[in-house]
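>>> Sharing a sequence plus its predicted fold:
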Amino acid sequence: MASSLLPTEIITEILTRLPVKPLLRFKSVSKPWYFLIKSPNFIKLHLTNHPNHHRHVIISHTTLSSAAIDDLTFSELDHPLKPIKKEDTLNYFPEPPGIELLGHSNGVVSISNATKTSVFLYAPATRTRRHVPPSHVPYPDDFVVFGFGFDGGDYKLLRIIQCRESHCHVKFYNEAKIYSLKEDSWKWVHDMPYFLLYKDCHGVFVNLGFHFIVTTDEFDSRFKYIARFDIRTEKFSLIELPGYEDEFGVSKLVLRELGGRLCVMVNYRSGFGADLWVMNEYGKKESWVRLMSLEIRPRFSEVRPVVFSNDEKRVLLLIDNCQLQWCDLRTEDEKVKIVRTSALLAQSFDAGVYVDSVVSLDDWSNDSQGKHKNK
């Protein structure tokens, strides 16, 4: 690096503007380039220089597939939860099919098997993975939700388990634990002092916090809030929802992150439509703005926002967990583009987003954890 014709700062600036694939090849150019490209500062700069580029839609069903946002032609990923064929066994019964998408952050996604007993962190761009140490799930059939995010120096995975009296041996079972990739271990944190409302909605990571739809009364779900878990203070707090209309009754509230902002899709009962609300100033109730109202024919049960287009003029919607559809925010024309899925997706699926990054989970091995702690 010292003998280069260009200053290190210029080389770094050029490299951080390149796609991931050539950068992975350039790691073999020289030792200085290898250590530069794998350094935390370089990874951060690379993500900063590509805020809206190299984003991919990822869908989870019996396997894991992805596609570029501007293309949406899906192909299967080489993910860690692929079933292993046992050639020496005539009767091979794999575990129940289905992969849960727990969250995504900083180029890494978190996934689990259907029973949520096997959890992985997975970086699709570098094809690296980390098996999260098992942690007993006492009541897998009740509320078991996760939140996944990056706090600037460590990847964190929150797990909340809640079980009502009718499903467990105690009046109300409630636990919260958080996994640190840097420490490669779980630890107990304060239990959530609220009641989760949806079993199939994992935490949404915005502004260094995981967000869940909750109630404050176990037996009264009329008054709903957003619960926030701060990954730095490890404390829970409440955020108020927007003042949406409840004339037709609300069937489901779905939280998402769009363009770095906290959003909520309000789904109304009997397929009467849905409203998408965006919080423009985090934590301020008065900053909630209704971005669009949807009426789709034939009627639907649930709509989930997935991602903004690169120009933020369209939003990709997941409709009834079986169809992806673009909606033009300028005309509110929900028929702008229908995403045709292949035979592989002739089933229900979930959808999320990840960004290509040079982050490698191999660099978080036990031998290198001390180095990460000192940075």
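Okay, I see it.

>>> Quick check: closest non-adjacent residue to the residue nearest the centre of the chain.
Centroid check for the chain by Cα atoms, centre = their mean gives Gly103 as the closest residue, at 2.4 Å. Excluding the flanking residues, the one nearest Gly103 by Cβ to Cβ, 6 or more residues apart in numbering is Phe148, at 3.0 Å. Any C-beta I mention is one placed from the backbone N, CA and C, and that applies to glycine too.

>>> Could you check how far the one you found is from Trp326?
26 Å (Cβ to Cβ, to the nearest Å).

>>> Which one of those two is surrounded by more residues?
Just comparing Phe148 and Trp326: by other Cβ atoms under 10 Å the higher neighbour count belongs to Phe148, 27 against 20.

>>> If you count contacts, what does the helix or strand the more buried one falls within end up packed against?
Taking DSSP states H and E as the definition, one finds Phe148 inside strand 143-150. For strand 143-150, the packing partners by 3 or more Cβ pairs under 8 Å, 6 or more residues apart in numbering; DSSP states H and E come out as strand 99-105, strand 108-113, strand 155-164, strand 204-206, strand 209-217.

>>> wait, which of those strands is closest to Val278?
Nearest to Val278, of all the helices and strands packed on strand 143-150, is strand 204-206, at 11.2 Å by Cβ to Cβ.

>>> Pull the residues that contact the closest one.
The contact list for strand 204-206 (Cβ atoms under 8 Å, 6 or more residues apart in numbering) reads 103, 105, 147-149, 210-212, 255-257, 260-262, 282.

>>> what's the burial count for the residue nearest to Arg127 when sequence neighbours are not counted?
Nearest residue to Arg127, sequence neighbours excluded (Cβ to Cβ, 6+ apart): Asp78, at 5.8 Å. Using other Cβ under 10 Å, Asp78 has 10 other residues around it.

>>> close enough to count as contact, Asp78 and Arg129?
No - assessed by Cβ atoms under 8 Å, Asp78 is found out of contact with Arg129, at 9.5 Å.

>>> Which elements pack onto whichever strand or helix holds Leu238?
Using DSSP H and E, the element containing Leu238 is strand 236-239. Identification of packing neighbours for strand 236-239 by 3+ Cβ pairs under 8 Å, 6+ apart yields strand 209-217, strand 220-230.

>>> The shortest one pairs with which strands?
Strand 209-217 pairs in its sheet with strand 195-196 (antiparallel), strand 204-206 (antiparallel), strand 220-230 (antiparallel), by DSSP bridges.

>>> Not counting residues beside it along the chain, what's closest to Asn174?
Closest residue in space to Asn174, ignoring its immediate chain neighbours: Asp191 at 4.6 Å, by Cβ to Cβ, 6+ apart.

>>> which SS state does the one you found fall under?
coil (DSSP: H, G, I helix; E, B strand; the rest coil).

>>> Can you get me a residue count around it?
15.

>>> and it, what does it touch?
Asn174, Glu175, Ala176.

>>> Surely the second one touches Ile161?
So the one you mean is Glu175. Yes - in this structure, Glu175 is within contact of Ile161 by Cβ under 8 Å, at 4.9 Å.

>>> Would you mind telling me which of those two has the busier surroundings?
Ile161 (24 against 17).

>>> what about that one, distance to Ser60?
Separation of Ile161 from Ser60 (Cβ to Cβ): 21 Å.

>>> still on that earlier bit, now render the helices and strands packed on strand 236-239 as a markdown table, adding distance to Lys21, mean neighbour count and mean pLDDT.
Putting the helices and strands packed on strand 236-239 into a markdown table (distance: least, Cβ to Cβ, whole Å; neighbours: other Cβ atoms under 10 Å; pLDDT from 0 to 100) gives the following:
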| stretch | distance to Lys21 | mean neighbour count | mean pLDDT |
| --- | --- | --- | --- |
| strand 209-217 | 31 | 20 | 96 |
| strand 220-230 | 35 | 16 | 92 |
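
>>> mind giving me JSON lines with the ones you listed and columns for distance to Ser28?
As requested, the helices and strands packed on strand 236-239 are exported to JSON lines (distance: least, Cβ to Cβ, whole Å):
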{"stretch": "strand 209-217", "distance to Ser28": "38"}
{"stretch": "strand 220-230", "distance to Ser28": "41"}
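
>>> Quick one: low-confidence residue ranges for the protein.
Counting by pLDDT under 70, the ranges of the chain that qualify are 1-4, 50-53, 84-97, 165-170, 247-248, 271, 296-298, 331-347, 365-375.

>>> can I get the helices and strands packed on strand 143-150 in JSON lines with distance to Phe349?
Formatted as JSON lines, these follow (distance: least, Cβ to Cβ, whole Å):
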{"stretch": "strand 99-105", "distance to Phe349": "9"}
{"stretch": "strand 108-113", "distance to Phe349": "13"}
{"stretch": "strand 155-164", "distance to Phe349": "22"}
{"stretch": "strand 204-206", "distance to Phe349": "18"}
{"stretch": "strand 209-217", "distance to Phe349": "21"}
